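Participant: Pasting a predicted model and its sequence here:
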Amino acid sequence: MPGITKKTRNIILYYFSLGISVFALFFIGRAFVVFITEQNQDVFFYHSFVAPLGLNAIYISAFTSLCILFLLFDRKKTRITILAMGILSIFLLMLSSKIIIVATSILGVFGVIRTFKRTMIFKLIAVFVSGILLLVFTSNPIKQRFEREISVSNVKEVLESEQFNKIYDWTGTTIRLFQARIFSEMLMEDGIFLTGYGISNSEDRIIKKQKEYNLWQGYYTYNFHNQYIQAFAELGIFGLLFLFLMLGAILKQYMRDKDMLFLSLFFIMFVVFITESYIWRQRGLYHFLILYCLYFKTIPMNRSHKKYETNTH
């Protein structure tokens, strides 16, 4: 892959963002058509929303979030850019990934305060607050998903109970905590601290543990749903450290150049890795590594350009 300029990188990301916007319009249009015939609002949200193409709402949310943040911080605010940001923001809400919505909001507020003039800050914060109030004071599936996590999740029970029945009411939080719990037991029982089980070799042990705790068999296809634990379990402590090294390199580059794209990639991936084994799936691996290489490939060319200017002067 040849070195590229920042301008070229941003052109690539711009057209990718427009492509995701068209993608979003397709799913929104399809959901409306299905809703007219079935009168089921679930078709507008979460996995059901992107199920026609066999996609996962979390992965698409990560794509969408990074596109929104790119358009917000690295593109001139033309009508097309603003329209694309609006479509992508609605798309992200409909995808209903709680943790990515929160992470995108935090990054958005931080970046706006850091990069924009005061008048623009007030306008963007007003839009953001209006959106939050709309979600909080209306009945909608996104609000219901947050409320369910708070009201149903019983952390103490999940971490201490010796048995669960087949109809136990799991939430996204509690099933992930349970997977972390059984990993700690596997780590102690099997002594895989240094070597791990090997790629994909933890699956049988996870199922065995789930059977011990009497989980419903529908969860037998679940991996750890946590990239840090997944890397530790299958590659050992050195695999985990290498993962942190990759993330740390992104953060270090942000601290050097103050480029919001690096901070966006670092924070979104850092957060998504808590809830998903993101790069243990092909679509996540490709997405992460292509952006990783694309972002870092702009740096040597920028440095060499500055070096050239210094020498010529």
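Facilitator: Received, thanks.

Participant: pLDDT below threshold where in this structure?
Facilitator: In the predicted model of the chain, residues 1, 299-313 satisfy pLDDT under 70.

Participant: Please parse it into its domains.
Facilitator: The chain resolves into domains spanning 6-149+239-312, 153-225 when parsed by automatic domain parsing.

Participant: Turn these into a markdown table, including mean neighbour count and distance to F232.
Facilitator: For glycine as for every other residue, the C-beta is placed from the backbone atoms N, C-alpha and C. A markdown table is the format used below for the domains of the chain (neighbours: other Cβ atoms under 10 Å; distance: least, Cβ to Cβ, whole Å):
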| stretch | mean neighbour count | distance to F232 |
| --- | --- | --- |
| domain 6-149+239-312 | 16 | 4 |
| domain 153-225 | 15 | 7 |
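
Participant: closest one to A233 among the ones you listed?
Facilitator: domain 153-225 (4.6 Å; Cβ to Cβ).

Participant: Can you give me the first-to-last residue distance of the closest one?
Facilitator: 17 Å (Cα to Cα, to the nearest Å).

Participant: isn't F16 right next to C67, touching?
Facilitator: Yes: at 6.8 Å, F16 and C67 qualify as touching, with contact defined as Cβ atoms under 8 Å.

Participant: From the chain's centroid, how far away is the helix ranked longest in the chain?
Facilitator: When the chain is parsed with DSSP state H, its longest helix is helix 6-38. Chain-centre distance of helix 6-38: 17 Å, with Cα atoms, centre = their mean, to the nearest Å.

Participant: next one: stretch 188-195
Facilitator: For stretch 188-195 - counting by Cα atoms, centre = their mean - the centre lies 29 Å from the chain centre.

Participant: mind checking the end-to-end distance for that stretch?
Facilitator: 13 Å.

Participant: what does it rub up against?
Facilitator: For stretch 188-195, contacts defined as Cβ atoms under 8 Å, 6 or more residues apart in numbering pick out 186-187, 197, 205, 233, 236-238.

Participant: What of stretch 94-101?
Facilitator: By Cβ under 8 Å, 6+ apart, stretch 94-101 touches 27-28, 31, 44-46, 49-50, 57-58, 60-62, 64-65, 92-93, 141-142, 145-146, 149, 172, 268, 271-272, 274-275.

Participant: run the last query once more with 6 Å
Facilitator: 44-46, 49, 57-58, 60-61, 65, 142, 145, 271, 275 (Cβ atoms under 6 Å, 6 or more residues apart in numbering).

Participant: now stretch 160-177
Facilitator: Residues contacting stretch 160-177 (Cβ under 6 Å, 6+ apart): 149, 152-153, 158, 213-216, 225.

Participant: what's the most distant pair in the residues you listed?
Facilitator: E149 and N214 (23.2 Å).

Participant: In contact with E234, which residues?
Facilitator: 196-197, 199, 202.

Participant: For those, give me CSV that also has secondary structure and distance to I11.
Facilitator: Shown next, in CSV, are these (DSSP: H, G, I helix; E, B strand; the rest coil; distance: Cβ to Cβ, whole Å):
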residue, secondary structure, distance to I11
G196, coil, 40
Y197, coil, 43
I199, coil, 36
S202, coil, 41
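
Participant: In CSV, list the residues you listed along with distance to I100.
Facilitator: Formatted as CSV, those follow (distance: Cβ to Cβ, whole Å):
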residue, distance to I100
G196, 28
Y197, 29
I199, 26
S202, 25
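
Participant: From these, pick the one nearest T81.
Facilitator: Nearest to T81 among these, with distances taken as Cβ to Cβ, is I199, at 40.7 Å.

Participant: and stretch 85-100, how far from the chain's centre?
Facilitator: On Cα atoms, centre = their mean, the centre of stretch 85-100 falls 11 Å from the chain's centre.

Participant: got it, and stretch 115-124?
Facilitator: On Cα atoms, centre = their mean, the centre of stretch 115-124 falls 26 Å from the chain's centre.

Participant: got it, and stretch 248-257?
Facilitator: 19 Å.

Participant: quick one: the host helix or strand of L66 to helix 6-38, angle?
Facilitator: Remark: L66 resides in helix 57-74, with elements defined by DSSP states H and E. Angle, helix 57-74 to helix 6-38, by axes from the mean of the first three to the mean of the last three Cα atoms, to 10 degrees: 130 degrees.
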